[in-house]
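Participant: Structure of the sequence below:
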Amino acid sequence: MSVVLSWNSGCEKWHMMQRSWQRPTMSSFTRRYRRVRRVGMDSLAGEVPRIASFAATRGAGSAKEAGSGGSFRVAGPRPGSIPLEPTLSSGAARPPMLRSAPLLLAVLASLPACGGSGDAAPPRRNLLLVTLDTTRADALSCLGGPDGATPCLDRLAARSTLFARAYSETNFTSPSHLSIFTGLRAIEHGVLSNDRTHPPDATLLAEVLTAAGYDTAGFPAIRHLARVTDRGFRTFSLVDEEQSAPQNTDRAIAWLAAPRSAPFFLWVHYFDAHSLYEPSAEDAALFYSGDPTAAPGPPLADDPYFTLKSTPSSLAPWLGATTDPAFPRAMYAAEVHAVDREFGRLLDALEASGAAANTVVLVLGDHGESLGEHGIYYDHKGLHDPQLHIPLLVHVPGFEPGRSDRLVSTLDVVPTLEDLLGVRVTPHPSGRSLFPLLQDPHADLPWRTELIHDHARNQGVAIRKDGWKLILPINPDYPLFRSGPRLYHIAEDPGEQHDLASSEPARLASLRAHLTPWLDLGVVHDDSTDLDEESLRELRALGYADE
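Facilitator: Residues are numbered from 1 along each chain as shown. A predicted model of the protein is given here:
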């Protein structure tokens, strides 16, 4: 089947583009994963049945450029039809959307019932999903952060379910977002680093909701993430350069203001808390005063951490002669505070739209950030808790607020939204639904006691289980893993200060036995990339050249 698309930008008419819909070739990684899965990962995910073809007619779509930075409005498909995906940039076409059983189920679910005269069904819930890049749990005041740092998030938390023990599945932006959007681990969906685009064999949340008749929009803040998450959205901001929190909020507010009859899914991504931390002077002054170079001691930039990578780090020049470790921490807090202010504007716009009373609001970090803990400075490489412990709060209109101390994961987002929105994204997600905890945060029900965390490119893996945590290197030459396995009794040592690997060999071996699939897979060294050169330059500027 071929699809012909055309669009206009101002008075300039762009040429017609034609592309064929076909199933993408399974990547070598996916083949490796499936071999590993057969020998021990069947509990993680099952095969997703695929639909060979659709007897459907797709009309031409159209798109208009919506502003600087590459934001596009894509018109069509109609609610209930199969979404189209135009190629919005030059070069190789993006992989076509996968047509899976979840998409067909979503289409069927969106169709009106045949016959019957019962009461009309209640309106379907809207969804506002906000991802806070590089935001550790204790950046929020409601989770132990500085007083007054996040008043808008705190206000929402007060009428939401706040999950105090939420952790990211992985520690890098693109793999983590794909886990959030698929419910699958990084070693399942196949995007293990920031230099990949679409997962070779996974269905994304936006695809399913668009097929179910939702009006869907995505506003990522960075180029490389935009090229891994765009599949399925009707409206998508295919940004060419980093977007600030005010810019992304403005775009989202403009989209919210448009009239619509269908339920909506709006995703907004905020990137400002990522290093380099360069808040406005006004925000910086709220968290720091004085001379950051006047504290005793050597410059922070002299720390050996900044020499670990083969390419020069942008962090050392940014730090300059700073000697006060409180200064970069304060600048990080100021960046989070600025994001909080924009999040408040977004919530105000949701209220003004009249849709808040029927909108699920889910806010979470994609991963955390180390601010010097364990010798890792202003970065999220590694698998200690500062890199993994994230905020997660879910507001469902009509549900009582509360706080849950259950162990939860970014993998739980998709199963939870499946229950809240009545769709199916993947038949076998790796997480579990938080719906029972949204109904009662203190519900007496069996719950998990372990989580496993992937490091980018499967360089290492961590498991927390029954009050213990093991960080296990897979690549012993990776700079942060050269010291070997690390074992912590986090029930008594939550700061991960006392490595017990040498004194608890039996416990280490017991935990290691749960990690066989990751060890069998090994480090995923893939020098090829399907990102464009501009996205690769962005990654290098952000410090990911060696990842």
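Participant: Only C-alpha atoms from now on, for both contacts and neighbour counts.
Facilitator: Noted.
Participant: Now do the helices in the stretch 251-400 of the chain.
Facilitator: 281-287, 315-319, 326-353, 385-388 (DSSP state H, counting those that start in this stretch).
Participant: Compare the mean pLDDT across those and name the weakest.
Facilitator: Of all those, the minimum mean pLDDT falls on helix 315-319 (a mean of 86).
Participant: gap between the residue nearest the centre of the chain and residue 512?
Facilitator: Centrality entry for the chain: nearest residue to the mean C-alpha point is residue 177, 2.5 Å, by CA atoms, centre = their mean. In this view, residue 177 and residue 512 are 26 Å apart by CA to CA, to the nearest Å.
Participant: Likewise for residue 205?
Facilitator: 32 Å.
Participant: Who has more neighbours out of these two?
Facilitator: residue 205 (27 against 18; other CA atoms under 10 Å).
Participant: neighbours around residue 504, how many?
Facilitator: 12.
Participant: And for residue 289?
Facilitator: Other residues within reach of residue 289, judged by other CA under 10 Å, total 10.
Participant: Make sure residue 362 is actually in contact with residue 410.
Facilitator: No. Counting by CA atoms under 8 Å, residue 362 stays clear of residue 410, with 11.3 Å between them.
Participant: Just want to know which of those two has more residues nearby.
Facilitator: residue 410 (29 against 20).
Participant: Quick one, grab the pLDDT at that one.
Facilitator: The model's pLDDT for residue 410 equals 98.
Participant: That one: what's it in contact with?
Facilitator: Contact analysis of residue 410 by CA atoms under 8 Å, 6 or more residues apart in numbering lists 166-169, 176, 179-180, 183, 366, 431.
Participant: Residue 210: which element?
Facilitator: Here residue 210, judged by DSSP states H and E, is contained in helix 205-211.
Participant: Can you name every helix or strand that that helix contacts?
Facilitator: helix 101-110, helix 173-182, strand 215-219 (3 or more CA pairs under 8 Å, 6 or more residues apart in numbering; DSSP states H and E).
Participant: Show me what the second one packs onto, helices and strands only.
Facilitator: This points to helix 173-182. Under the contact rule (3+ CA pairs under 8 Å, 6+ apart), helix 173-182 is packed against helix 186-189, helix 205-211, helix 223-229, helix 413-421.
Participant: next one: the shortest one
Facilitator: Where contact means 3+ CA pairs under 8 Å, 6+ apart, strand 215-219 is packed against helix 205-211, strand 235-237, helix 245-257, strand 264-270.
Participant: what pairs with the shortest one, and is each one parallel or antiparallel?
Facilitator: Looking at strand 235-237 with DSSP bridges, its paired strands and their directions are strand 71-75 (antiparallel), strand 215-219 (parallel).
Participant: Can you show me the helices along the stretch 401-547 of the chain?
Facilitator: Counting by DSSP H, counting those that start in this stretch, the helices of the stretch 401-547 of the chain are 413-421, 435-439, 505-512, 516-521, 533-541.
Participant: most neighbours per residue, which of the ones you listed?
Facilitator: helix 413-421 (a mean of 20; mean count of other CA atoms under 10 Å).
Participant: Tell me the bridge partners for the residue nearest to residue 409 when sequence neighbours are not counted.
Facilitator: Leaving aside its chain neighbours, residue 409 sits nearest to residue 167 (4.9 Å; criterion: CA to CA, 6 or more residues apart in numbering). According to DSSP bridges, the partner residues bridging residue 167 are residue 389, residue 409.
Participant: Share the number of residues neighbouring residue 167, please.
Facilitator: Neighbours of residue 167 (other CA under 10 Å): 31.
Participant: wouldn't it be in contact with residue 390 here?
Facilitator: Yes. Assessed by CA under 8 Å, residue 167 is found in contact with residue 390 at 5.4 Å.
Participant: what is in contact with the two at once?
Facilitator: residue 367.
Participant: hang on, the earlier thing: and the helices and strands packed on helix 173-182: which comes nearest residue 198?
Facilitator: Judged by CA to CA, the one of the helices and strands packed on helix 173-182 that comes nearest to residue 198 is helix 223-229, at 4.8 Å.
Participant: Tell me the predicted confidence for residue 305.
Facilitator: 87.
Participant: Then residue 253?
Facilitator: pLDDT, read off for residue 253, is 98.
Participant: Among the helices of the stretch 251-400 of the chain, which comes closest to residue 301?
Facilitator: Once the helices of the stretch 251-400 of the chain are compared by CA to CA, helix 315-319 is nearest, at 4.7 Å.
Participant: how distant is the closest one from the center of its chain?
Facilitator: 27 Å (CA atoms, centre = their mean, to the nearest Å).
Participant: Check stretch 322-332 too.
Facilitator: Distance, centroid of stretch 322-332 to centroid of chain: 27 Å (CA atoms, centre = their mean).
Participant: How many residues are close by residue 317?
Facilitator: Residue 317 has 10 nearby residues by other CA under 10 Å.
Participant: Please apply the same query to residue 375.
Facilitator: With other CA under 10 Å as criterion, residue 375 counts 12.
Participant: Distance of the closest residue to it other than its chain neighbours relative to residue 455?
Facilitator: Using CA to CA, 6+ apart and skipping residues adjacent in sequence, the residue nearest residue 375 is residue 305, 6.8 Å away. Residue 305 sits 18 Å away from residue 455, going by CA to CA.
Participant: Which one of the two is surrounded by more residues?
Facilitator: Between residue 305 and residue 455, residue 455 has the larger neighbour count (other CA under 10 Å), namely 25 against 17.
Participant: and the more buried one, what is it in contact with?
Facilitator: Applying CA under 8 Å, 6+ apart, the residues near residue 455 are 170-172, 381-383, 461.
Participant: Tell me the pLDDT of residue 197.
Facilitator: The predicted local confidence for residue 197 is 66.
Participant: before we move on, the earlier item: in terms of mean pLDDT, which of the helices and strands packed on helix 205-211 ranks lowest?
Facilitator: helix 101-110 (a mean of 52).
Participant: circling back to that earlier point, please identify which of the helices of the stretch 401-547 of the chain is closest to residue 338.
Facilitator: Using CA to CA, the helices of the stretch 401-547 of the chain put helix 533-541 closest to residue 338, at 22.2 Å.
Participant: Quick one: mean pLDDT over the closest one.
Facilitator: 50.
Participant: Using the three-state scheme, assign the residue nearest to residue 403 when sequence neighbours are not counted.
Facilitator: Spatial nearest neighbour of residue 403, chain neighbours left out: residue 162 (4.7 Å); criterion: CA to CA, 6+ apart. For residue 162, the assignment made with DSSP: H, G, I helix; E, B strand; the rest coil gives strand.
Participant: could the helices and strands packed on strand 215-219 go into TSV alongside distance to residue 354?
Facilitator: Shown next, in TSV, are the helices and strands packed on strand 215-219 (distance: least, CA to CA, whole Å):
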stretch	distance to residue 354
helix 205-211	21
strand 235-237	21
helix 245-257	10
strand 264-270	13
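Participant: residue ranges with poor pLDDT in this protein?
Facilitator: 1-122, 194, 196-197, 200, 309-313, 525-547 (pLDDT under 70).
Participant: Outline the domain layout of it.
Facilitator: 61-85+100-108+124-446, 460-521 (automatic domain parsing).
Participant: if we can go back for a sec, taking the contacts of residue 455, tell me the two that lie furthest apart.
Facilitator: Largest pairwise distance in those, by CA to CA, is 13.2 Å, between 172 and 461.
Participant: Specify which residue of these two has the higher count of neighbours.
Facilitator: Comparing residue 172 with residue 461 by other CA under 10 Å, the one with more neighbours is residue 172, at 28 against 23.
Participant: Backbone dihedrals for the more buried one, please?
Facilitator: Note on residue 172: backbone dihedrals following degrees, to the nearest 10 are phi -120, psi 160.
Participant: Pretty sure it sits against residue 365.
Facilitator: No. With contacts counted by CA under 8 Å, residue 172 stays clear of residue 365, the gap being 11.2 Å.
Participant: nearest residue to residue 198 other than its sequence neighbours?
Facilitator: Closest to residue 198 by CA to CA, 6+ apart is residue 228, at 4.8 Å.
Participant: Do I have it right that that neighbour meets residue 174?
Facilitator: Yes. Counting by CA under 8 Å, residue 228 touches residue 174, with 6.9 Å between them.
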